[in-house]
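1. Here is my input, please return the structure:
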Amino acid sequence: MSKPPQVEGFGAAPHERPVPRISIHAFCEFPDTGAALQRAGGDRRLSKAHLQVQLGGVDAAVEHYHGQITPNLLVVETKLQGEEALLELDRLAEVCDPATKVVVVGRSNDVELYRELMRRGASEYLVAPLSPLQLIEVISGLYLDPGAAPIGRVVAVVGARGGSGSSTLSHNIGWCIAEELHINTTVIDMDLAFGTVGLDFNDEAGQGICDALSAPERLDDVLLDRLLIKRGEHLSLFTAPALLDRDYETSPDAFETVIDSVRQNIPCVILDVPHGWQPWIKASLLAADEVVIVATPDLTSLRNAKNIIDLVKAARPNDAPPRLVINQVGVPKRPEIPAKDFAETMGLDPSAIIAFDPALFGQAANNGQMVMEMAPKAPVTESLRQLCRSITGRTMQGVTAKNSVSFFRFLKVKKRA
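-> Numbering: from 1, shown residues only. Model prediction:
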């Protein structure tokens, strides 16, 4: 039996796959096209690509590449139409290497011109004005193998301050997506020295994530399967050692490689990001498909959450804004910033407001269980379910083991590709 589309299609969209390390040169006729390209070049999905943009159009490109090697991708804009545009581009073909992909930008919505350009070997014809997302999708599509396996969606959960409960919530989110939505999920504990994934799931802390980070280039499917701790059919854990007898010097590139390896095999990846601001933390947040910021209703969280949100919005202008979760609301005798005022300062509506329930969370932590396991009908549990629905775009209704996204089905699709 085929699976419902809403479950089968979970994961990152094809155009969200990062573009490989390529060189992109653009020669524009109009400033608005150059500006759109610059905004696209600053996007996280093009972070590995090297983009150069200059004015001058096709004439400048022809002059520039006489006697020089052309880049992996060449974007040229023409203000001419019809036969004149084709003659201009024929001159470009004389200096363009056969392996170079060429995207032509024009101002004329001319079907015949499009067909003739495709016949002559152009990769795409776009009609200006362009949007950054349009350019990102086109560039990503040029380097995406049509038979490539799907990749997972990465959700980074970070606290606005220490003690905000972001780790506990990230673990519960991962459990809910795996066990109630039946989407295969991996929770990655990125707090190497003090991580609590092992504790919260009643498993021993292991060297899993550290072993992967020590030699990320060796992390193939077999090694990944050995390092992950399985928790049922749909959930797996990448635990941290939580030891202080070593220094954890890790580069952003190592974390990026490990996360990319996991998302090649797992439809949903939850990053439990520690509260801090090392280069690898910043890089992981900005590279994630979704960012969830967990804050408590106090002044420190207000300041820190605003700073993180502003930075994420500025660095990811083509993405949806981060999600805000206000946690531990209603602590007795503690002065609190009202959720409405907190949200207005952030400029975001909260994706969830989680009530303070120390007895439930404390007992769950002591038992090595999730709060949904202990109290499936509690108000806090329903708030968490709604948050998971919001993150995944899924509903709990009609999702059963029969129509789930399993780890083995995901690998089967991968191997078939």
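
2. show me where this structure has strands.
-> Using DSSP state E, the strands of the chain run over 23-28, 50-55, 73-77, 101-106, 124-127, 153-159, 185-189, 229-231, 235-238, 268-273, 290-295, 323-329, 352-355.

3. Nearest to Leu387 among those would be which one?
-> In terms of Cβ to Cβ, the element of these nearest to Leu387 is strand 352-355, at 4.0 Å. C-betas here are computed from N, CA, C, even on glycine.

4. Extract the CA atoms of that closest one and return them as CSV.
-> Extracted in CSV, the C-alpha atoms of strand 352-355 (Å, rounded to 0.1, in the frame of the first residue of the first chain):
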residue,chain,number,x,y,z
ALA,A,352,4.3,27.3,21.5
ILE,A,353,3.9,28.5,25.1
ILE,A,354,4.9,25.7,27.5
ALA,A,355,3.5,25.9,31.0
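
5. Can you mark which positions in the longest helix out of those in the chain are buried?
-> Longest helix in the chain, counting residues (DSSP state H): helix 299-315. Using 16 or more other Cβ atoms under 10 Å as the test for burial, helix 299-315 gives Ser301, Leu302, Asn304, Ala305, Lys306, Ile308, Ile309, Val312, Lys313.

6. ok, so of these, who is nearest Ala60?
-> Distances from Ala60 to the buried residues of helix 299-315, taken by Cβ to Cβ, are shortest for Lys313, at 34.2 Å.

7. just for the stretch 151-300 of the chain, where's the confidence low?
-> Low-confidence segments of the stretch 151-300 of the chain, defined by pLDDT under 70, span residues 205-206.

8. give me the number of residues near Leu181?
-> Neighbour count of Leu181, defined by other Cβ atoms under 10 Å: 24.

9. hang on, it packs against Ile391?
-> No: with contact defined as Cβ atoms under 8 Å, Leu181 does not count as touching Ile391 (9.9 Å).

10. Could you check how far Val105 is from Arg44?
-> Relative to Arg44, Val105 is positioned 23 Å away (Cβ to Cβ, to the nearest Å).

11. try Met372
-> From Met372 to Arg44 the distance is 31 Å (Cβ to Cβ).

12. now do His66
-> 35 Å.

13. Equivalent analysis for Leu135, please.
-> 14 Å.

14. what do you get for Arg385?
-> 29 Å.

15. Equivalent analysis for Leu299, please.
-> Relative to Arg44, and taking Cβ to Cβ, Leu299 is found at 31 Å.

16. what does Met370 give?
-> In terms of Cβ to Cβ, Met370 sits 30 Å off from Arg44.

17. Please tell me the pLDDT value assigned to Leu324.
-> Model confidence at Leu324, given as pLDDT, is 97.

18. State the number of residues packed around it.
-> For Leu324, using other Cβ under 10 Å, the count is 25.

19. Would you confirm that it contacts Thr296?
-> No: judged on Cβ under 8 Å, Leu324 makes no contact with Thr296 at a distance of 11.8 Å.

20. In this model Arg385 seems to touch Ala352, though I could be wrong.
-> No: Ala352 lies out of contact with Arg385 (Cβ under 8 Å); the separation is 9.6 Å.

21. tell me the domain ranges of the chain?
-> Listed by automatic domain parsing, the domain ranges of the chain are 18-142, 153-416.

22. Please list all residues in contact with His50.
-> Arg21, Ile22, Ser23, Ile24 (Cβ atoms under 8 Å, 6 or more residues apart in numbering).

23. okay, His66 and Arg44: which has more neighbours?
-> Set His66 next to Arg44 and count neighbours by other Cβ under 10 Å: Arg44 wins out with 19 against 8.

24. show me what contacts the nearest residue in space to the more buried one that is not next to it in sequence?
-> In space, Arg44 comes closest to Ala287 once its chain neighbours are excluded; the distance is 5.3 Å by Cβ to Cβ, 6 or more residues apart in numbering. If you count contacts by Cβ under 8 Å, 6+ apart, Ala287 has them with Arg44, Ser47, Val154, Glu256, Ile259.
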